[in-house]
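Participant: next one to model:
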Amino acid sequence: MGAMRDEGTGTGALAEAGTEAGTEPGTAAEGAPPDGGTGSGAQGEQPAAPAAGHGRRFAVPSDRQGMPAVGHKPENRRQLLVKVLWTSIWMVYLSAPVSDLWSGGHSGPALALGALGLASFVGAYVALIFFRHTGSPLRVHTGLGVLMLLALVLALALGSQWLVLFVYCSVAAGAVLPRRRASWVIPASVAVLVVLGLHIDGTADLWPALFIPALLGGFAMAGVRQMIRTTRELREARAAVADLAASQERLRLARDLHDLLGHSLSLITLKSELAGRMLPGEPEAAAAQVADIERVSRQALVDVREAVSDYRRPTLRVELASAATALGAAGISSRLPETSAIPDDLHPDQESALAWALREACTNVVRHSAGTRCSVALTEQADETLCLSVTDDGRGADAPRGNGLTGLGERLALADGALETGPGVRGGFQLRAVVPARPRTSGARETAQDVA
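Facilitator: Numbering: from 1, shown residues only. Next up is the predicted model:
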């Protein structure tokens, strides 16, 4: 029961990008679906399952707190800042050619060539990385070709300090090319770097220092791109599962309503017609038919109420999935138990009470805690009780219990449980909901229902 799973924070530049990096038409052979665009990532208290049956594509939420995928326009200032900082890391390598220009060791024409070539190279690199290329793959290939050509010309014309530009060529290839194409373009770029390094004077010590960053940097960016693609496909799969689950639930509701009401309504119709025919000559028999109609109607009403009550009953499995989505959308790192930690023989009343507790606790974490981490644990105690604990690292409880926690305590009491709230062991706030781990006996259940 101690198995746990880690959910991402929703703020990372890589894990939560939400869209594939630099997908362009013509790369379907890679097995990646076309870019679905970015949708609104905002989520409310309880994420709703998407509607089914409309033949639409699943919108993939973008990470509004982290960095968008390579080749996609930032959606807000935070994304723009993160992406600028992420790209600026690689700009450190430009110190070598810039220092070479300012050293005064080149003639006027060579200096002009270097300044113009470096500006063109940086512009092409930024355009390739920053701006979305949804048109022909020719744009991507042309951009990479321009980078390669500029790096080659500048290195041959101005010397060894300009070999560093091939590091950018390798990184750009890994960032925007499909995996198969990048797997040979990156080594080709590094090979050109090595060949030039062997033929340009004064590079015996320089090119080995650039070989590793160029090779690893390119494949690292290819890995990042693949990770973002996998994340997007996982989000689409989750959306598809939620869509199918909603569709199956509607079908189940339709079947249940048919089974519950079909026979009853047919019987009511038949007896109504029969009572109408008997009314003039056999009033007593007609009255008996009317009494039967009333009995069948009342039973149908009871059946419908029980069915609706069952549909409204939350489950721990559903609430755990909703909690992961809501906390991730709020940028809160979460640690949740696996669904295997839920006992198979847990009574629906107890499970429903714990599900309500989890929903209320996660809502409070998102709305009021101002924390960055949330841990949920589900453990069976020695006294045969099941304890759900939700702990955050926020500012703790600074106000008396509101209506939500008060109502939650009442729900748990009806399920023979209890609610405890207070500061966590390491600060923050902790909510503990405790219910019996084993089903109640029928006599105890009836007594509790009579009291309620």
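
Participant: ranges for the strands of this protein?
Facilitator: For the chain, the strands defined by DSSP state E cover 4-7, 333-337, 373-380, 385-392, 418-422, 429-436.

Participant: Serialize the ones you listed to TSV and add fields for mean neighbour count, mean pLDDT and distance to residue 176.
Facilitator: Bear in mind the C-beta positions are built from the backbone N, C-alpha and C, glycine included. Listed next are the strands of the chain as TSV, based on neighbours: other C-beta atoms under 10 Å; pLDDT from 0 to 100; distance: least, C-beta to C-beta, whole Å:
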stretch	mean neighbour count	mean pLDDT	distance to residue 176
strand 4-7	13	47	29
strand 333-337	21	91	30
strand 373-380	20	92	35
strand 385-392	22	93	40
strand 418-422	15	91	51
strand 429-436	22	93	45
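
Participant: would CSV of the ones you listed with distance to residue 236 be doable?
Facilitator: CSV is the format used below for the strands of the chain (distance: least, C-beta to C-beta, whole Å):
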stretch, distance to residue 236
strand 4-7, 18
strand 333-337, 21
strand 373-380, 25
strand 385-392, 29
strand 418-422, 38
strand 429-436, 33
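
Participant: and of these, who's closest to residue 177?
Facilitator: strand 4-7 (30.9 Å; C-beta to C-beta).

Participant: now residue 275, nearest residue through space, not along the chain?
Facilitator: What sits nearest to residue 275 in space, not counting adjacent residues and going by C-beta to C-beta, 6 or more residues apart in numbering, is residue 289, at 3.8 Å.

Participant: repeat for residue 220
Facilitator: residue 174 (6.9 Å).

Participant: does the residue nearest to residue 275 really touch residue 277, like I thought?
Facilitator: No - applying C-beta atoms under 8 Å as the test, residue 289 and residue 277 come out as separate, 9.4 Å apart.

Participant: so how many other residues sit close to residue 406?
Facilitator: Neighbourhood size, residue 406 [other C-beta atoms under 10 Å]: 11.

Participant: what about the stretch 51-200 of the chain, any weak spots by pLDDT?
Facilitator: Along the stretch 51-200 of the chain, segments meeting pLDDT under 70 span 51-76, 79, 83, 86-87, 90, 131-136.

Participant: all helices of it, in order?
Facilitator: Using DSSP state H, counting those that start in this stretch, the helices of the stretch 51-200 of the chain run over residues 77-88, 95-102, 108-130, 137-158, 165-176, 179-199.

Participant: how much space between residue 117 and residue 84?
Facilitator: Distance of residue 117 to residue 84, computed by C-beta to C-beta, to the nearest Å: 23 Å.

Participant: tell me which of those two has more neighbours.
Facilitator: The residue with more neighbours, out of residue 117 and residue 84, is residue 117; 20 against 14, by other C-beta under 10 Å.

Participant: returning to that earlier point: between residue 289 and residue 277, who's got more neighbours?
Facilitator: Ranked by neighbour count (other C-beta under 10 Å), residue 289 and residue 277 place residue 289 first, with 20 against 13.

Participant: residues contacting the more buried one?
Facilitator: Taking C-beta atoms under 8 Å, 6 or more residues apart in numbering, we find residue 289 in contact with 271, 272, 274, 275, 278.

Participant: ok, which pair from those residues is furthest apart?
Facilitator: Most distant of the contacts of residue 289, by C-beta to C-beta, are 272 and 278, 10.9 Å apart.

Participant: comparing those two, which residue is more hemmed in?
Facilitator: A count of neighbours by other C-beta under 10 Å puts residue 278 above the other of residue 272 and residue 278, at 17 against 13.
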